[in-house]
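In: Sequence and predicted structure below; questions after.
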Amino acid sequence: MEGTFARYGNFGLNYSRAGLRRSRRRGGAAAANDSSGVLAVGRGGNEEEEEEEYKVGVLLLNLGGPETLDDEQPFLYNLFADPDIIRLPGPLRFLQGFLANVLSSSRAPKSREAYESIGGGSPLRRITEAQAHALQTAMETRGIAAKAYVGMRYWKPFTEDAIEAIKRDGVNRLVVLPLYPQFSISTSGSSLRLLEQYFSEDEALARVRHTVIPSWYQRPGYVKAMAAMIAKTLREQFDDEKEPIIFFSAHGVPTSYVEEAGDPYKDEMEACVGLIVDELRAAGVDNEHVLAYQSRVGPVEWLKPYTDDTIRELGRKGTKALCAVPISFVSEHIETLEEIDMEYRELAEESGVEKWGRVPALDTDPLFIDDLADAVIESLPYTSRMNKRRADKVGLNVPPSEVGQILASYDLAKLAMPMPDSSLRTTSSTKGADEFTGSPGDLVNVTIVVFVVFVFLQYVAGANGLFGSYGVFTNW
């Protein structure tokens, strides 16, 4: 753990050595005494070369969530229209929009019930905007004037809304920070692939120098914040803080993402849990711990062990106390407030667990926000190629890079991240997916789609489907 923290740890950033200045000109007494406070980036070695004003933006990327019950179906449509979520083979990619309509319509009623149980909508936008404000304030206390923007993948404010605000404000140095501690194709990868599309199509945006922090599960501030939150929950929610098993519940992904597409999510998750457990042990907390994966849907295999199966197994073994830790999430939303707090707690009680506690999401925890601010500041030298070389030379071991470089490196590692079709996104429940004209081609496509969807739904239904009595799909 010490080696990891030495590589990615917090430290005072020496702007001068990294090639950053608060002056508008390099060299000279006038420049040295300039107290304008404008952070600038050097472009070359000429002592008299002017520097560009450093207008810093931070783009926080997140999933998004329906703010009202009426938003639920279009939100689900946007989710299922993402080819990183529903991964259709190339010849069937034209079905993406239609299938998204079918799935979002069929799942909306159940999902609506879940959001009703937590107050009628997701708090994710409110919390993410609070995180953005707190991050902006933390950077200001470090002497960096920056503006934080929120870009959601599947609901408002959409990523392109944030991009328009970034261009309007004249930002010329941008740090892209996905609010997912661990990288996955389906989260950070999907958002970055969409960003890559915007950078390639928008000349004004392409001129903005940027860098991406692809994952940050190993950062000491994040690890310490998680460990401190777990220790506090053990003290406050259990009579005997040594009794509970610490139950890390991570959002799952299909196994094929890891085994076939090379998604690093599982490895990063296991490493993250290991760092937090080491931090806990250093603080004298040596409870037993387990890691399981939640939120699986559909007929395919997801990462194991599953959270619900693990809870049942722990109950059979006589476990009486569990402390649940939502390890994938830094904000409260449906997976914490409904799935963990309600569904899994009820399952735990049914399985014989008598004492249940849940560690809150970090939200705007000061230690966590301070660490994000440090990560952003440490990344700023990477927004200039010259400064990146200098930063590497002086040991600024932050690993970010540009969107295209990040994705190219994962593509070389065989991560198959298809290009999203932004035209499929809907902003309201009244906007359709693909326009149907009634042409013969449309009718043929619809016939094919209906057949494929029918077979798919029967497969999901398994023994309860129409084919079940004939022994077809009965194993699911």
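Out: Received the coordinates, thanks. Numbers count the residues shown, from 1 in each chain.
In: which stretches of the stretch 1-150 of the chain aren't confidently modelled?
Out: Across the stretch 1-150 of the chain, the ranges flagged by pLDDT under 70 are 1-52.
In: repeat that with 50
Out: 1-50 (pLDDT under 50).
In: Which parts of it are strands?
Out: Secondary structure of the stretch 1-150 of the chain (DSSP state E, counting those that start in this stretch): strands at 20-21, 40-41, 52-53, 56-62, 146-152.
In: Just put those strands in CSV and tack on mean neighbour count.
Out: For the C-beta atoms, the positions are set from N, CA and C on the backbone; glycine is no exception. As requested, these are arranged in CSV below (neighbours: other CB atoms under 10 Å):
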stretch, mean neighbour count
strand 20-21, 23
strand 40-41, 22
strand 52-53, 14
strand 56-62, 24
strand 146-152, 23
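In: Any idea which of those gets closest to Leu192?
Out: Evaluated over those, closeness to Leu192 peaks at strand 56-62, with 7.9 Å, by CB to CB.
In: Reformat the strands of the stretch 1-150 of the chain into TSV and put distance to Leu79 next to each item.
Out: Converted to TSV, the strands of the stretch 1-150 of the chain look like this (distance: least, CB to CB, whole Å):
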stretch	distance to Leu79
strand 20-21	40
strand 40-41	38
strand 52-53	39
strand 56-62	13
strand 146-152	11
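In: Could you report the separation of the nearest residue to Leu76 once chain neighbours are set aside from Asp70?
Out: Leaving aside its chain neighbours, Leu76 sits nearest to Ser104 (3.7 Å; criterion: CB to CB, 6 or more residues apart in numbering). Distance, Ser104 to Asp70, by CB to CB, to the nearest Å: 13 Å.
In: Over to Pro83?
Out: From Pro83 across to Asp70, the span is 26 Å (CB to CB).
In: just Asp84 next, same as before
Out: Relative to Asp70, Asp84 is positioned 26 Å away (criterion: CB to CB).
In: can you give me the helices for the stretch 101-250 of the chain?
Out: Assigned by DSSP state H, counting those that start in this stretch, the stretch 101-250 of the chain shows helices spanning 124-141, 159-168, 190-201, 203-206, 220-237.
In: which stretch among the ones you listed comes nearest Val212?
Out: Ranking the helices of the stretch 101-250 of the chain by proximity to Val212 (CB to CB) places helix 190-201 first, at 6.5 Å.
In: Comparing Ser104 and Asp70, which shows the higher neighbour count?
Out: Ser104 (23 against 14; other CB atoms under 10 Å).
In: The one helix or strand Val376 maps to: how far from the chain's middle?
Out: If you go by DSSP states H and E, Val376 is part of helix 366-379. Distance, stretch centre to chain centre, for helix 366-379: 16 Å (CA atoms, centre = their mean, to the nearest Å).
In: was I right about the residue nearest to Leu76 contacting Phe80?
Out: Yes. When contacts are counted by CB atoms under 8 Å, Ser104 is listed as touching Phe80 (5.6 Å).
In: before we move on, the earlier item: compute the inter-axis angle for the helix holding Val376 and helix 124-141.
Out: For helix 366-379 against helix 124-141, the angle by axes from the mean of the first three to the mean of the last three CA atoms, to 10 degrees is 60 degrees.
In: for helix 366-379, packing partners?
Out: If contacts are counted by 3 or more CB pairs under 8 Å, 6 or more residues apart in numbering; DSSP states H and E, helix 366-379 sits against helix 124-141, strand 173-178, helix 220-237.
In: List the strands paired with the shortest one, with their directions.
Out: Right, strand 173-178. Sheet partners assigned to strand 173-178 using DSSP bridges are listed as strand 56-62 (parallel), strand 209-212 (parallel).
In: Turn those strands into CSV, columns for distance to Ile163.
Out: Formatted as CSV, the strands paired with strand 173-178 follow (distance: least, CB to CB, whole Å):
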stretch, distance to Ile163
strand 56-62, 8
strand 209-212, 11
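In: So which of those is nearest Pro178?
Out: When the strands paired with strand 173-178 are compared (using CB to CB), the closest one is strand 56-62, at 4.3 Å.
In: ok and that closest one relative to strand 146-152, angle-wise?
Out: 20 degrees.
In: Keeping just the C-alphas, turn strand 56-62 into PDB.
Out: The C-alpha trace of strand 56-62 is given here as PDB (Å, rounded to 0.1, in the frame of the first residue of the first chain):
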ATOM      1  CA  VAL A  56      -9.500  26.000 -15.600                       C
ATOM      2  CA  GLY A  57     -12.500  23.800 -15.800                       C
ATOM      3  CA  VAL A  58     -13.300  20.500 -14.200                       C
ATOM      4  CA  LEU A  59     -15.900  18.200 -15.800                       C
ATOM      5  CA  LEU A  60     -17.500  15.800 -13.400                       C
ATOM      6  CA  LEU A  61     -19.000  12.800 -15.200                       C
ATOM      7  CA  ASN A  62     -21.700  10.800 -13.600                       C
END
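In: ok, so what distance separates Tyr154 from Tyr344?
Out: As defined by CB to CB, Tyr154 lies at a distance of 24 Å from Tyr344.
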